[in-house]
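Visitor: Just need the structure, nothing else, for what follows:
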Amino acid sequence: MISRNFWLTGAVLLWMSGCVSTPSYLDPVSALRSAGGQSGPLGKLKLGIVHTENAKRAFDYIEENKRLAKVAYPLATSDIGADLVTVGLQEILEKRFKSVVQFESIEAALQGEADLVMSVDLLCTLGQRSFNTTTVDLTGTLMNRDQKILDTIEGGGKATASPWSYGFRKVLQETFSKFADNLDHSSPLIAFAERRVISAPVRGELGPPEASELETGDYYQKSWAVVIGINNYDLWPSLEYAVNDARAVKQKLEAIGFDEVIEVLDKDATRTRILTLLASELPKKVGAEDRVVLFFAGHGQTETLTDGKEQGYIIPVDGDITNYFTTAISMDQIRALSRRIPAKHMLYMMDACYSGLGFTRAAGIDPGINGYIQKITGMRSIQMITAGGKGEQVMEREGHGVFTEYLLRGLDGEADRDNDNVVTASELGAFLKPQVSRASNNLQTPQFGRLDGEGDVVFVVKP
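Guide: Numbers count the residues shown, from 1 in each chain. All right, here's what the predicted structure looks like:
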């Protein structure tokens with residue numbers, strides 16, 4: 001039997017030999033993504049994969065630690081290795097795609113026969129002493145042959161190192177499980193695969209209208225919007241471009257078919273004005289087949305309640321810096337206000353960062369089913385996209401908040417991942433998360449989800 005002193009000796013040798021320093025990882029730039037099942041839509045697609053510079057650095061780092069494990073963890077060297085990552089990921093992808101081929105660059109993959117390209121980004125830290133933490137973050141960014149990003153698939157995990165193991169294999173199992181699940185539930189990828197295999201129906205008795213013939217009136221009787229922008233707060237720090245963002249969003253919504261856009265800026269954006277507008281004025285105007293969008297650019301805040309739960313707030317112009325409950329507008333109030341407005345579809349687009357969103361778990365309708373757009377536009381839906389989460393700051397640059405900048409680009413058609421000339425709120429959320437995160441150097445990551453219903457707000461994009 002190997003004594004406890006043996007393990008202690010190994011740990012001492014590791015300490016004396018020095019630890020392998022974690023590489024200086026780069027910010028992920030461009031990557032690719034995937035989803036499916038060989039019996040499902042992805043099984044008909046050829047996938048090319050490319051490892052980012054981060055992944056290559058991580059592989060070298062893992063192999064250095066594997067060599068060190070012969071001293072520190074002599075009975076557990078099989079617990080670590082770059083091959084555990086590459087082989088495990090390959091198995092996940094081969095179960096879902098027709099073929100999986102690795103390339104040296106995105107350009108080489110696009111020159112090949114791949115239908116999709118996935119850029120694989122890997123970051124990890126290894127617990128090089130007992131009770132240190134081992135972490136793995138795996139990201140696959142998927143793009144089509146036009147280099148348009150379709151989706152970003154993520155997986156990650158962490159574990160505590162012990163005297164006999166880094167815990168790397170355990171962390172990988174958790175990472176792969178999350179990655180595979182997110183891959184299988186990627187609506188943009190499934191929609192892309194279905195449209196790649198099945199030609200879209202044409203207008204007439206047998207199917208929905210062609211994309212080039214779509215009009216907002218095909219889905220809604222009337223479209224309403226409220227845009228709120230606050231630069232000059234009474235007590236909170238001033239913002240530079242929030243009013244500009246609100247005006248730009250107003251102009252965009254009017255251009256894509258909104259009937260009435262109500263603008264509330266700076267000193268007019270009091271708590272009373274906003275609540276009166278949402279609780280009294282809109283409910284009297286809006287019909288059951290209408291669409292309502294609320295855009296807010298300003299401060300957001302998160303409060304931790306006595307039970308440990310979090311409550312998110314948007315801050316009106318007269319909001320206090322400490323007394324959020326009586327001077328700000330909470331997520332609970334937003335949820336209650338939504339129930340007062342009889343619209344079929346509502347979407348909150350918040351260029352503000354806060355947590356406690358209270359999203360439901362409903363994933364919505366599978367994009368691969370026949371008549372997908374008709375189904376999602378026939379069902380009630382209340383959805384929300386925020387610029388970031390708890391503790392994150394709204395980033396501004398070149399005349400706009402970063403979130404609003406990409407929101408406008410998404411509504412222009414960049415978020416139309418399946419190229420059907422319709423941008424759904426789900427597509428918009430999936431587009432904004434990686435784009436804003438990268439553009440802000442990971443300082444803010446948009447959050448997206450449902451407050452109610454299984455439908456999806458849609459925006460028609462003219463070709």
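Visitor: What are the contacting residues of stretch 401-415?
Guide: By CB atoms under 8 Å, 6 or more residues apart in numbering, the residues outside stretch 401-415 that reach it are 148, 241-242, 245, 248-249, 252, 256, 297, 349, 351, 385, 387-388, 394-398, 400, 421, 423, 427-428, 430-432, 435-436, 439-440, 444, 446, 459, 461. All C-beta atoms are positioned from the backbone trio N, CA, C, and that covers glycine.
Visitor: average model confidence for that stretch?
Guide: Stretch 401-415 carries an average pLDDT of 92.
Visitor: Can you list the buried residues in that stretch?
Guide: Across stretch 401-415, burial judged by 16 or more other CB atoms under 10 Å covers 401-408, 410-412, 414-415.
Visitor: CA atoms of stretch 149-162 as PDB?
Guide: Output of stretch 149-162 as PDB, limited to C-alpha atoms (Å, rounded to 0.1, in the frame of the first residue of the first chain):
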ATOM      1  CA  ILE A 149     -21.900  33.700 -37.400                       C
ATOM      2  CA  LEU A 150     -24.800  31.500 -36.700                       C
ATOM      3  CA  ASP A 151     -24.400  30.600 -33.000                       C
ATOM      4  CA  THR A 152     -21.900  30.300 -30.200                       C
ATOM      5  CA  ILE A 153     -22.000  27.000 -28.200                       C
ATOM      6  CA  GLU A 154     -20.500  27.100 -24.700                       C
ATOM      7  CA  GLY A 155     -19.600  24.500 -22.100                       C
ATOM      8  CA  GLY A 156     -17.600  24.800 -18.900                       C
ATOM      9  CA  GLY A 157     -16.800  23.300 -15.500                       C
ATOM     10  CA  LYS A 158     -14.600  23.400 -12.400                       C
ATOM     11  CA  ALA A 159     -13.400  21.100  -9.700                       C
ATOM     12  CA  THR A 160     -11.000  21.200  -6.800                       C
ATOM     13  CA  ALA A 161      -7.600  19.500  -7.200                       C
ATOM     14  CA  SER A 162      -6.700  16.800  -4.700                       C
END
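Visitor: Okay, G308 and Q301: tell me how far apart.
Guide: Distance, G308 to Q301, by CB to CB, to the nearest Å: 17 Å.
Visitor: average pLDDT across whichever strand or helix holds T276?
Guide: Per DSSP states H and E: T276 is located in helix 271-276. Computed over helix 271-276, the mean pLDDT rounds to 96.
Visitor: Stretch 436-443 too?
Guide: The average pLDDT for stretch 436-443 rounds to 87.
Visitor: And that stretch, end to end?
Guide: End-to-end distance for stretch 436-443, by CA to CA, to the nearest Å: 9 Å.
Visitor: Could I get the buried residue list for it?
Guide: Within stretch 436-443, judged by 16+ other CB under 10 Å, the buried ones are 436-440.
Visitor: Run the chain-centre distance for that stretch.
Guide: When distances are taken as CA atoms, centre = their mean, to the nearest Å, stretch 436-443 is centred 12 Å away from the chain's centroid.
Visitor: In strands, which of the buried residues of stretch 436-443 fall?
Guide: Among those, none falls in strands (DSSP state E).
Visitor: can you put these in TSV and add distance to L84?
Guide: Formatted as TSV, the buried residues of stretch 436-443 follow (distance: CB to CB, whole Å):
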residue	distance to L84
V436	32
S437	27
R438	28
A439	33
S440	32
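Visitor: Among these, name the ones in helices.
Guide: 436-439 (DSSP state H).
Visitor: Including distance to V261, could those go into JSON lines?
Guide: JSON lines is the format used below for these (distance: CB to CB, whole Å):
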{"residue": "V436", "distance to V261": "23"}
{"residue": "S437", "distance to V261": "29"}
{"residue": "R438", "distance to V261": "30"}
{"residue": "A439", "distance to V261": "26"}
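Visitor: so which of those comes closest to R57?
Guide: The closest of those to R57 turns out to be R438 (CB to CB; 18.2 Å).
Visitor: Distance of that closest one relative to K44?
Guide: For R438 relative to K44 (CB to CB), the value is 30 Å.
Visitor: Also I262?
Guide: On the measure of CB to CB, I262 and K44 end up 47 Å apart.
Visitor: got it, and K462?
Guide: Distance from K462 to K44, by CB to CB: 30 Å.
Visitor: Okay, now the unreliable bits of the stretch 101-250 of the chain?
Guide: Low-confidence segments of the stretch 101-250 of the chain (pLDDT under 70): 130, 163, 194-218.
Visitor: all helices of it, in order?
Guide: 106-111, 168-184, 187-197, 242-255 (DSSP state H, counting those that start in this stretch).
Visitor: now do the stretch 251-400 of the chain
Guide: According to DSSP H, counting those that start in this stretch, the helices that the stretch 251-400 of the chain contains are 271-276, 282-285, 324-327, 331-340, 372-378.
Visitor: Determine which stretch of these is the most buried.
Guide: Most buried of the helices of the stretch 251-400 of the chain, by mean neighbour count (mean count of other CB atoms under 10 Å): helix 372-378, with a mean of 19.
Visitor: what packs against that one?
Guide: For helix 372-378, the contact count by 3 or more CB pairs under 8 Å, 6 or more residues apart in numbering; DSSP states H and E identifies strand 458-460 as packing neighbours.
Visitor: can you rerun that using 10 Å?
Guide: helix 187-197, strand 422-424, strand 458-460 (3 or more CB pairs under 10 Å, 6 or more residues apart in numbering; DSSP states H and E).
Visitor: ok, and what's touching the last one?
Guide: Right, the one you point to is strand 458-460. For strand 458-460, contacts defined as CB atoms under 10 Å, 6 or more residues apart in numbering pick out 211, 214-220, 223, 252-253, 256-258, 291, 293, 345, 347, 373, 376-377, 381, 410-413, 415-416, 421-428.
Visitor: Cross those against strands and list the overlap.
Guide: 223, 291, 293, 345, 347, 381, 422-424.
Visitor: now the residues you listed as JSON lines including distance to A55 and neighbour count?
Guide: Output for the ones in strands among the contacts of strand 458-460, formatted as JSON lines (distance: CB to CB, whole Å; neighbours: other CB atoms under 10 Å):
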{"residue": "S223", "distance to A55": "44", "neighbour count": "24"}
{"residue": "R291", "distance to A55": "42", "neighbour count": "26"}
{"residue": "V293", "distance to A55": "39", "neighbour count": "22"}
{"residue": "H345", "distance to A55": "40", "neighbour count": "25"}
{"residue": "L347", "distance to A55": "36", "neighbour count": "24"}
{"residue": "S381", "distance to A55": "37", "neighbour count": "26"}
{"residue": "V422", "distance to A55": "35", "neighbour count": "23"}
{"residue": "V423", "distance to A55": "31", "neighbour count": "24"}
{"residue": "T424", "distance to A55": "31", "neighbour count": "30"}
